[in-house]
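Visitor: using only what follows, build the 3D model:
(chains A and B)
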Amino acid sequence: MQRTAIAALLVFGFASAQAQDKPAPPPIWKQGIPKSMEKSTLAPHAAKMTETPAADIPISRLKLPKGFKVEIWATGVPGAREMALGDKGKIYIGTRIIGRVYEVTDQGDKRTSRVVVDKLTQPSGVAFQGGSLYVMAIDRALRYDGIEDNAAAQAVDMTDKFALPPQQHHNWKYLAFGPDKKLYVTFGSPCNICEPPPEYGQIRRYSPDGSGMEVIARGVRNSQGFDWNPKTGELWFTDNGRDWMGNGGPQDELNRLSKVGLNFGFPYCHANGIVDRDYKKKDPCKGVTKPVALMGPHAAALGVKYYTGDMFPAAYKNTMFVARKGSWNRDRKFGYDVVNVRPSADGKSAKVTPFLTGFLDSKKNEFWGRPAFVQQLRDGSLLVADEQLGALYRISYSK
Amino acid sequence: MRQHGPGRWVLLLAALFVSLAHGQAEERARVCAGCHGADGNSLASGVPSIAAQPGVFLENYLVLTREGLRGSDVMQNLLKGVPDADIVQLARHYSVLPSRPTPGARDKALYARGRSLATSSRCGSCHTPSYRGQQQMPRLAGQREEFLLEAMRAYRGSGRPGGDTIMAAALYGVGDADLKALAHFLAQSR
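Guide: As a prediction, this is how the structure comes out:
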């Protein structure tokens, strides 16, 4: 009887913790797997959510062009994704499954970290403007005023203002403030392949208080990174290609938003004009803006930042660094690196060159780290967030 | 439905909580044994077996439960303040212990129905064709039948938060009779 009592407690506990009233969506995982791939054992790689000590990080395996060096800058931030730089130099870091936002403080010889907020549902999006930290989870939008000086700053809940749709899949957010001081936010398509409901598959911008929402890009599958060209002010963004169409792709995209309202093709037209196998319509690529660069098959090109600093050689100025977290839906693993992307003068094409490599052992088809996002520091060095090992690496240059 | 057991259990749980928060990993394992069985093979109704579960699954489960993002109230309380290093050790400890299931008698018809459903639902594509689990996906083979059934019912109703929404989606609209067959087949699997 006593056994039964505790058993009941356990089982009902499972059912009651974080109960959600909304019905589950239909089984999205069934979409897009063809008969021929039904036996495939490919699956997303497991996240690691415990701290990894610096001694367990094989940093010496990383390779960079001559003159650059990489060091472990901070550890103890499991699940680290998008980073935002505070006005006074603190770094704020979003996560997905572990539900935390971190603050990392540079103490000169070492870095300390603390958890700003936890127990959120995939609070991956962080941005900083005017002394305030903005955090977006699937179902929450929070603002922390004056947080760099006041660790006890309480959240201002702005959830009601932002009209966040309920589905989780591909709706962990990336956000950043644009040159127009507006807050730009991604809303992914809640599937591998589907005709997304109207509030998904897009990039939006808002005034910082959540008013004045505009959809600025459509036909987006899952964008997890964007930045503005420092010369033209145009928005450039990454977008991940669909799964279960084979090892070759369709490749991830790097897109340029030359004007508001462009359509980037999902779900009918992928990459450089690959027609979807499952969702068909007449003239699927008509009116679709093609990518500036292809970022590799299943590469998971996430964070993208223009380099504007003075530390790296002048040739890197106003080029992009793109973190490719690495593939799962592909037999031979691909990505697991940071690449440099140099746009052409007219912005219509771009050249992709390896930059930070060594996370992937191609012979063994094994990886040890997953570079997911990049952030330039004020001294011109570049931080890379390793989501797998919960660490930040710093890349610097000297002649 | 947050329930509290008889007073005796509350006291015992309080005691367990104290030892989990302050003990070493080995001591912590003894606390786990109180419900999950000395070797991680549960003999208690509704309590899952944790032996031979993939280490990554156990580690993730323990972290997310400590963070208050999944798991029962009991497990959340037990794990409060447990450091990452101890969680890594506990996960490793149970992942290498052998599975010794003690399912009841097999109902041949129910078993066959469950096997066919598991195949058509492609459970094996994540949990492996032997249903022994891998990486972040738990072992289902030899798990306690009533636990599997309750867990699947909770997933189906979206009442059970997991690492993500995949299980809620996979079980969307599956009827109770089918869940019973699945639970029976998986509990009987080795």
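
Visitor: alpha carbons only for contacts and neighbour counts from here, please
Guide: OK.

Visitor: in what helix or strand does B:Cys126 lie?
Guide: helix B:124-127 (DSSP states H and E).

Visitor: which residues does the residue lying closest to B:Asp84 once chain neighbours are set aside contact?
Guide: Leaving aside its sequence neighbours, B:Asp84 sits nearest to A:Thr50 (Cα to Cα, 6 or more residues apart in numbering or on different chains; 5.5 Å). Shown in contact with A:Thr50 (Cα atoms under 8 Å, 6 or more residues apart in numbering or on different chains): A:78, A:390, B:59, B:63, B:84-85, B:88.

Visitor: do the very next helix or strand once past the helix holding B:Cys126 and chain A meet?
Guide: Counting by DSSP H and E, the element after helix B:124-127 in chain order, helix or strand, is helix B:145-156. Yes - against chain A, helix B:145-156 shows contacts by Cα under 8 Å from any Cα of the partner chain at B:147, B:150-151, B:154, B:156.

Visitor: return the distance of helix B:145-156 from the chain's centre.
Guide: Averaging C-alpha positions (Cα atoms, centre = their mean, to the nearest Å) puts helix B:145-156 10 Å from its chain's average.

Visitor: what pLDDT, on average, does the helix or strand following it get?
Guide: Note on helix B:145-156: by DSSP H and E, the next helix or strand toward the C-terminus is helix B:166-170. Regarding helix B:166-170, the rounded mean pLDDT is 78.

Visitor: do helix B:166-170 and chain A meet?
Guide: Yes - using Cα under 8 Å from any Cα, helix B:166-170 reaches chain A at B:166, B:168-170.

Visitor: need the residue closest to the centroid of chain B.
Guide: The centre of chain B sits closest to B:Pro48, judged by Cα atoms, centre = their mean, with a distance of 4.3 Å.

Visitor: where's that residue, which helix or strand?
Guide: B:Pro48 belongs to no helix or strand, assigned by DSSP H and E.

Visitor: now it: how far from A:Lys119?
Guide: Distance, B:Pro48 to A:Lys119, using Cα to Cα, to the nearest Å: 24 Å.

Visitor: cool, and A:Gly265?
Guide: 35 Å.

Visitor: if you count what's nearby, which of the two comes out ahead?
Guide: More crowded of A:Gly265 and A:Lys119, by other Cα atoms under 10 Å in any protein chain shown: A:Gly265, with 26 against 16.

Visitor: report the contact partners of that one.
Guide: Contacts for A:Gly265 (Cα under 8 Å, 6+ apart) come out as A:218-220, A:284-285, A:288-290.

Visitor: which of the residues you listed has the largest number of neighbours?
Guide: A:Val220 leads the contacts of A:Gly265 on contacts (other Cα under 10 Å) with 26 neighbours.

Visitor: I figured that one hits A:Phe264, correct?
Guide: Yes - counting by Cα atoms under 8 Å, A:Val220 does reach A:Phe264; the two are 5.9 Å apart.

Visitor: which regions of the chain lie under the pLDDT threshold?
Guide: Unless you meant another one, I'm taking chain A. A:1-31 (pLDDT under 70).

Visitor: looking at chain B here, not the other one
Guide: Counting by pLDDT under 70, chain B has low-confidence residues at B:1-23, B:25, B:158-165.

Visitor: what about 80?
Guide: B:1-26, B:157-166, B:168-169 (pLDDT under 80).

Visitor: what ranges does it have for its helices?
Guide: B:7-22, B:25-36, B:55-66, B:73-79, B:84-95, B:108-120, B:124-127, B:145-156, B:166-170, B:176-188 (DSSP state H).

Visitor: quick one: list the elements packing against the fifth one.
Guide: Translated: helix B:84-95. helix B:25-36, helix B:55-66 (3 or more Cα pairs under 8 Å, 6 or more residues apart in numbering or on different chains; DSSP states H and E).

Visitor: nearest to chain A, of the ones you listed?
Guide: helix B:55-66 (6.3 Å; Cα to the nearest Cα).

Visitor: just how off-centre is the closest one within its chain?
Guide: Chain-centre distance of helix B:55-66: 11 Å, with Cα atoms, centre = their mean.

Visitor: and it with helix B:84-95, angle?
Guide: Relative orientation of helix B:55-66 versus helix B:84-95 (axes from the mean of the first three to the mean of the last three Cα atoms, to 10 degrees): 130 degrees.

Visitor: in the stretch 101-250 of chain A, what residue comes closest to chain B?
Guide: For the stretch 101-250 of chain A, Cα to the nearest Cα, closest residue to chain B: A:Lys119, 6.0 Å.

Visitor: ok, the residue nearest to the centre of chain B - contacts?
Guide: B:Pro48 touches B:36, B:41-42, B:143-144, B:147, counting by Cα under 8 Å, 6+ apart.

Visitor: would JSON lines of these with neighbour count and distance to A:Ser362 be doable?
Guide: Shown next, in JSON lines, are the contacts of B:Pro48 (neighbours: other Cα atoms under 10 Å in any protein chain shown; distance: Cα to Cα, whole Å):
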{"residue": "B:His36", "neighbour count": "21", "distance to A:Ser362": "41"}
{"residue": "B:Asn41", "neighbour count": "26", "distance to A:Ser362": "39"}
{"residue": "B:Ser42", "neighbour count": "24", "distance to A:Ser362": "41"}
{"residue": "B:Gln143", "neighbour count": "31", "distance to A:Ser362": "37"}
{"residue": "B:Arg144", "neighbour count": "27", "distance to A:Ser362": "40"}
{"residue": "B:Phe147", "neighbour count": "21", "distance to A:Ser362": "41"}
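
Visitor: include distance to B:Gln76 when you put those into CSV, please.
Guide: Below are the contacts of B:Pro48 laid out as CSV (distance: Cα to Cα, whole Å):
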residue, distance to B:Gln76
B:His36, 15
B:Asn41, 21
B:Ser42, 19
B:Gln143, 21
B:Arg144, 21
B:Phe147, 18
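
Visitor: buried sites along stretch A:208-220?
Guide: Neighbour counts using 16 or more other Cα atoms under 10 Å in any protein chain shown place A:208, A:210, A:213, A:215-220 of stretch A:208-220 among the buried residues.

Visitor: with stretch A:168-187 instead?
Guide: Neighbour-count burial for stretch A:168-187 [16+ other Cα under 10 Å]: A:168-178, A:182-187.

Visitor: cool, and stretch A:365-382?
Guide: Residues of stretch A:365-382 classed as buried by neighbour count (16+ other Cα under 10 Å): A:367, A:369-376, A:380-382.

Visitor: B:Ala141 contacts B:Leu182, correct?
Guide: No - applying Cα under 8 Å, one finds B:Ala141 not in contact with B:Leu182, separated by 10.8 Å.

Visitor: of the two, who's got more company?
Guide: Legend: neighbour count by other Cα under 10 Å for B:Ala141 and B:Leu182, higher for B:Leu182 (26 against 23).

Visitor: any idea how far A:Ile98 is from the more buried one?
Guide: Here the distance between B:Leu182 and A:Ile98 works out to 30 Å (Cα to Cα).

Visitor: ditto for A:Gly309
Guide: 32 Å.

Visitor: looking at the two, which has the bigger crowd around it?
Guide: More crowded of A:Gly309 and A:Ile98, by other Cα under 10 Å: A:Ile98, with 29 against 18.

Visitor: re earlier: just the residues of helix B:166-170 next to chain A now: which is nearest B:Cys123?
Guide: When those are compared for distance to B:Cys123 (Cα to Cα), B:Ala170 comes out closest, at 8.8 Å.

Visitor: tally of neighbours for that closest one?
Guide: Using other Cα under 10 Å, the number of residues around B:Ala170 comes to 22.

Visitor: how many neighbours does the nearest residue to B:Leu64 once chain neighbours are set aside have?
Guide: Of all residues not flanking B:Leu64 in the chain, B:Arg70 sits nearest, at 5.8 Å (Cα to Cα, 6+ apart). By the criterion of other Cα under 10 Å, B:Arg70 has 25 neighbours.

Visitor: how about the one 5 residues further on?
Guide: Counted with other Cα under 10 Å, the neighbours of B:Met75 add up to 20.
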